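Student: Dropping the sequence and predicted coords here.
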There are 2 protein chains.
Amino acid sequence: MSSDTNLPTAAVLVIGNEILSGRTQDVNVNAIAKKLGTIGIPVKEVRIVPDIESEIVAALNALRARYTYIFTTGGIGPTHDDITVDAVAAAFGVKAIEHPQARALLAQYYGAEELTAARLRMARAPEGADLIANPVSAAPGIKLANVYVMAGVPHIMQSMLDSLTPSLRQGPKIYSRCVSASIAESAIAEALGDVAQRFPNIDIGSYPWINQGKLGTALVARGTDQEAVSKAADAITALVEAKGIEFTLSEG
Amino acid sequence: MSSDTNLPTAAVLVIGNEILSGRTQDVNVNAIAKKLGTIGIPVKEVRIVPDIESEIVAALNALRARYTYIFTTGGIGPTHDDITVDAVAAAFGVKAIEHPQARALLAQYYGAEELTAARLRMARAPEGADLIANPVSAAPGIKLANVYVMAGVPHIMQSMLDSLTPSLRQGPKIYSRCVSASIAESAIAEALGDVAQRFPNIDIGSYPWINQGKLGTALVARGTDQEAVSKAADAITALVEAKGIEFTLSEG
């Protein structure tokens, strides 16, 4: 796909020992990628790092210098292993402070008497940060420059993502067509390579699948030029039809 | 957890536009992390990059300088977008060649007549690489120095991982106990922080959950010192019991 430097891009930074240990299957990267895809902001890179401040800082600084938007997940709860706020502050060279608006949100949610020191940890933010609404459980996410700090619990992350996406600069819509055919990837690889060469601005992907003992390949054309995506999908369809192979055509 | 530089570590490099676009939910990172965890090799970092050679090279060189073992997934099939072999060769500054043993495996699997140019792409390897057995579909994975190049299709990746793990240098077994309690994370955060301070060599993690409208937290103690893990879990259990909260105790 052509790389126009004016087009918005994104990276995701997953913060969490539980993902790296295999205890938890991450689903946030997929949800973020899908959501941003619908508004033309492609995710270009993902990193998953442990709950270690220096690791978070290094990854965040590498990513925020390179992509339009960085989305972090995890590490903003009330416990000792929730160190994302401090790491983001350190990455930007600012202090972590108690954010008055975050404190007010938590006081309203828990009641002033139940606003313990642990819960007040969730009111902390890097100096200069704005808040991201959390319609589920009050403790807000944080936005600082191009970094969006979100919860790790999937449905809370999703609610924060929904809160913040209207404020993002959208890119051109990405169109996608998928030809799924009962054919081994290797049997169509050369012809598919020719199609890819004919459509240099379209990403042509090939993803083998097995379903109930049946073998096949999903052939996907993606790009911002709707007409070219359509034509590339037509060319792929023609390849498959010429071989007399069963196929289905769908979006995405 | 204490960091002994003699202990083996791992990183995973996922190569695939389909993961970044959200089309495919990655499950390989979790499978690799779990498998390596059972033999004492903790995954310390994960990166997901697109099918772009320079991106793969940069990520691979960063990771292989830092961790004992690097596992890549994706991009070793027969199609034009399968560029992992070239990228690994470029990262090591060697040529990609046709590996005689890989060619022989493919010839046996497909038959000499069906060994097309596309299928022969899967016989390519960086010069000096060894092969990783693929019991599912013949096309082998590749090992070069500390880099293990595996397929992206999950059950093929799993078969390669099973093939190669006996050759890895195992680390000390990681023990894990989980106290899952019907309590909000923020209601136990401070006491949990105290436990974490008392067991500096044990990772104490706190992971909120919601199940059928019920709220709770999984409190996990992990480490290589079995006795300390046990004692940390006991301390956590005591906290929960003191509050008269329902809980379950399990491994992992």
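Tutor: Everything's here; your move.

Student: hey, let's count contacts and neighbours off CA atoms from now on
Tutor: Fine.

Student: Please name every helix or strand in contact with the helix or strand A:Thr72 falls within.
Tutor: Using DSSP states H and E, the element containing A:Thr72 is strand A:69-73. Using 3 or more Cα pairs under 8 Å, 6 or more residues apart in numbering or on different chains; DSSP states H and E as the contact test, the elements touching strand A:69-73 are strand A:10-15, helix A:53-64, strand A:147-150.

Student: Of all those, which one comes closest to B:Ala112?
Tutor: strand A:10-15 (44.5 Å; Cα to Cα).

Student: How about residues contacting the next helix or strand after the closest one?
Tutor: Sequence-wise, the next helix or strand downstream of strand A:10-15 (DSSP H and E) is helix A:17-20. Contacts of helix A:17-20 with the rest of the structure, by Cα atoms under 8 Å, 6 or more residues apart in numbering or on different chains, involve A:24-26, A:48-51, B:29-30, B:33, B:42-46, B:205.

Student: number of nearby residues for the closest residue to A:Val14 other than its chain neighbours?
Tutor: Counting by Cα to Cα, 6 or more residues apart in numbering or on different chains, A:Ile48 is the residue found nearest to A:Val14 once chain neighbours are left out, at 4.6 Å. A:Ile48 sits with 28 neighbouring residues when counted by other Cα atoms under 10 Å in any protein chain shown.

Student: Next: A:Ala31.
Tutor: Using other Cα under 10 Å, the number of residues around A:Ala31 comes to 19.

Student: mind listing what's buried in the host helix or strand of it?
Tutor: Of the helices and strands defined by DSSP H and E, A:Ala31 is found in helix A:28-38. The neighbour-count check on helix A:28-38 (16 or more other Cα atoms under 10 Å in any protein chain shown) flags A:28-37 as buried.

Student: pLDDT of that helix, averaged?
Tutor: Mean per-residue pLDDT for helix A:28-38: 97.

Student: Now do that helix against strand A:10-15, angle only.
Tutor: 160 degrees (axes from the mean of the first three to the mean of the last three Cα atoms, to 10 degrees).

Student: Let me know the next secondary structure element after helix A:28-38.
Tutor: Downstream of helix A:28-38 (by DSSP H and E), the next one is strand A:43-49.

Student: Please list all residues in contact with the residue nearest to A:Gly171 when sequence neighbours are not counted.
Tutor: Closest residue to A:Gly171 apart from its sequence neighbours, by Cα to Cα, 6+ apart: A:Gly40 at 4.1 Å. The neighbours of A:Gly40, taking Cα under 8 Å, 6+ apart as the test, are A:8, A:170-174.

Student: switch to 10 Å and redo it
Tutor: A:7-9, A:169-175, A:224 (Cα atoms under 10 Å, 6 or more residues apart in numbering or on different chains).

Student: Dump those residues into a markdown table; add pLDDT, neighbour count and secondary structure as well.
Tutor: Below are these laid out as a markdown table (pLDDT from 0 to 100; neighbours: other Cα atoms under 10 Å in any protein chain shown; DSSP: H, G, I helix; E, B strand; the rest coil):
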| residue | pLDDT | neighbour count | secondary structure |
| --- | --- | --- | --- |
| A:Leu7 | 92 | 14 | coil |
| A:Pro8 | 97 | 18 | coil |
| A:Thr9 | 98 | 21 | coil |
| A:Arg169 | 97 | 14 | coil |
| A:Gln170 | 96 | 17 | coil |
| A:Gly171 | 96 | 18 | coil |
| A:Pro172 | 95 | 16 | coil |
| A:Lys173 | 91 | 16 | coil |
| A:Ile174 | 91 | 19 | coil |
| A:Tyr175 | 94 | 21 | strand |
| A:Thr224 | 94 | 19 | coil |
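
Student: ok, which pair from those residues is furthest apart?
Tutor: Applying Cα to Cα across these, the maximum distance is between A:Arg169 and A:Tyr175, 18.0 Å.

Student: still on that earlier bit, put the alpha carbons of the helix holding A:Ala31 into PDB.
Tutor: Only the C-alpha atoms of helix A:28-38 are listed here, as PDB (Å, rounded to 0.1, in the frame of the first residue of the first chain):
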ATOM      1  CA  ASN A  28      -7.600  -6.000  22.900                       C
ATOM      2  CA  VAL A  29      -5.200  -5.800  20.000                       C
ATOM      3  CA  ASN A  30      -7.800  -7.300  17.700                       C
ATOM      4  CA  ALA A  31     -10.600  -5.100  19.000                       C
ATOM      5  CA  ILE A  32      -8.500  -1.900  18.600                       C
ATOM      6  CA  ALA A  33      -7.300  -2.900  15.100                       C
ATOM      7  CA  LYS A  34     -10.800  -3.600  14.000                       C
ATOM      8  CA  LYS A  35     -12.200  -0.400  15.400                       C
ATOM      9  CA  LEU A  36      -9.500   1.800  14.000                       C
ATOM     10  CA  GLY A  37      -9.700   0.000  10.700                       C
ATOM     11  CA  THR A  38     -13.300   1.300  10.300                       C
END
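
Student: Could you look up the SS state of the residue in the stretch 151-252 of chain A positioned nearest to chain B?
Tutor: Here the stretch 151-252 of chain A gets closest to chain B at one residue, A:Ala189, 4.7 Å apart by Cα to the nearest Cα. The three-state assignment at A:Ala189 reads helix, by DSSP: H, G, I helix; E, B strand; the rest coil.

Student: now it, nearest residue through space, not along the chain?
Tutor: Nearest non-adjacent residue to A:Ala189 (Cα to Cα, 6+ apart): B:Thr79, at 4.7 Å.

Student: Near the one you found, how many other residues are there?
Tutor: 25.

Student: just A:Glu251 next, same as before
Tutor: Using other Cα under 10 Å, A:Glu251 has 11 neighbouring residues.

Student: quick one: what helix or strand has the nearest residue to it once chain neighbours are set aside in it?
Tutor: Once flanking residues are discounted, A:Glu251 sits nearest to A:Arg177: 4.4 Å by Cα to Cα, 6+ apart. Under the criterion of DSSP H and E, A:Arg177 resides in strand A:175-181.

Student: gap between that strand and the chain center?
Tutor: 21 Å (Cα atoms, centre = their mean, to the nearest Å).

Student: and the angle for it with helix A:28-38?
Tutor: Using the same axes, to 10 degrees: strand A:175-181 against helix A:28-38 is 120 degrees.

Student: Kindly confirm my reading that A:Arg103 is in a helix.
Tutor: Yes. Assessed with three-state DSSP, A:Arg103 lies in a helix.

Student: can you tell me how far the closest residue in space to it that isn't next to it in sequence sits from chain B?
Tutor: Leaving aside its sequence neighbours, A:Arg103 sits nearest to A:Ala123 (Cα to Cα, 6+ apart; 5.1 Å). Between A:Ala123 and chain B the distance is 12 Å, computed by Cα to the nearest Cα, to the nearest Å.

Student: which residues sit in contact with A:Ala123?
Tutor: Residues in contact with A:Ala123 (Cα under 10 Å, 6+ apart) are A:76-78, A:85, A:97-107, A:117, A:131, A:139-141.

Student: switch to 6 Å and redo it
Tutor: Contact analysis of A:Ala123 by Cα atoms under 6 Å, 6 or more residues apart in numbering or on different chains lists A:98-99, A:102-103.

Student: By neighbours, which of these wins?
Tutor: For those, neighbours were counted using other Cα under 10 Å, and A:Ala102 has the most, 24 neighbours in all.
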